[in-house]
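*Asks:* Sequence and predicted structure are below.
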Amino acid sequence: MSDSPSSTQPPKLPSQTEENYLKAVFKLAEAEPETPGVSTNRIAAALDTRAASVTDMLRRLADKGLLNYEKYRGVQLTAEGRRLALLTIRKHRLWEVFLVQQLGFSWDEVHEVAEELEHVQSPLLMRRLDAFLGHPVLDPHGDPIPTEDGAMRRPAHRLLADLNAGERGTLSAVKNTSPPFLQYLDKVGLQLGAEVEVLDKVAFDNSFELRINRERTTLISAEVSRNLFVTA
């Protein structure tokens with residue numbers, strides 16, 4: 001009887017680099033759902049790498065059945081590629097919750113650490129982490145956490161930029177998660193859960209005068225308003 005390995009070996013787990021590519025393609029496609037495929041140049045910019053290197057990796061991922069790649073027409077994730085991308089995003093966002101809630105990290109400190117932790121390949125660890133945290137549905141930036149089977153709730157929120165004078169909302173998520181932006185929000189008192197009321201929308205530059213939690217007022221730029229989500 002042969003001792004050779006079975007031909008039905010489980011698929012090899014993706015490398016960290018491959019996970020990063022799948023996650024990047026997923027997020028870029030989400031940002032522009034009307035675009036049929038994600039271009040090589042957009043992926044290169046998102047990952048801060050050369051377009052030639054991106055092309056090589058896309059071909060490798062296509063050979064593995066994780067995305068559909070056609071030169072000059074962009075790429076789309078296959079069902080398996082989407083599953084792996086969402087799994088990586090799930091791990092990243094669960095680790096962010098853990099770092100904030102259990103280790104005292106601030107929301108501007110967690111991204112880089114979670115970028116490392118998201119590549120841990122232990123489904124049991126992630127299930128237990130999820131249970132330990134009480135099965136959170138949102139990360140510290142208000143982004144939805146995918147379930148283990150790939151479902152992801154889409155929050156019913158709108159950009160603060162779309163509010164008019166006199167309208168109110170609760171700050172529910174941030175679009176820009178860079179540390180300088182989050183530190184700026186902390187400085188002006190705009191944390192998740194804050195109630196904001198538009199006192200004035202300046203016609204000259206579309207800047208906003210806001211009242212925060214019915215107390216302090218602040219002026220924010222149009223650019224800032226386009227990076228904040230609120231719920232009614």
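*Replies:* Cool, got the structure.
*Asks:* just so I have it, where are all the helices in the chain?
*Replies:* For the chain, applying DSSP state H gives helices covering 16-31, 40-47, 51-63, 79-103, 110-117, 123-132, 179-188, 222-225.
*Asks:* And the ones you listed: which comes nearest residue 195?
*Replies:* Nearest to residue 195 among these is helix 179-188; the distance by C-beta to C-beta comes to 14.3 Å. For glycine as for every other residue, the C-beta is placed from the backbone atoms N, C-alpha and C.
*Asks:* What are the buried residues along the closest one?
*Replies:* Going by neighbour count (16 or more other C-beta atoms under 10 Å), the buried part of helix 179-188 is 181-182, 185.
*Asks:* neighbouring contacts of that helix?
*Replies:* Contact with helix 179-188 is made by 106-109, 111, 141, 174, 191, 212, 218, 220, 224, 227, as judged by C-beta atoms under 8 Å, 6 or more residues apart in numbering.
*Asks:* any weak-confidence spans in this protein?
*Replies:* Counting by pLDDT under 70, the ranges of the chain that qualify are 1-11.
*Asks:* Outline the domain layout of it.
*Replies:* Taking automatic domain parsing as the reference, the chain has its domains at 16-77, 86-154, 158-231.
*Asks:* Tell me what the residue nearest to residue 210 when sequence neighbours are not counted is bridged to.
*Replies:* Excluding its sequence neighbours, the residue lying closest to residue 210 (C-beta to C-beta, 6 or more residues apart in numbering) is residue 196, at 5.1 Å. Judged by DSSP bridges, the bridge partners of residue 196 are residue 169, residue 212.
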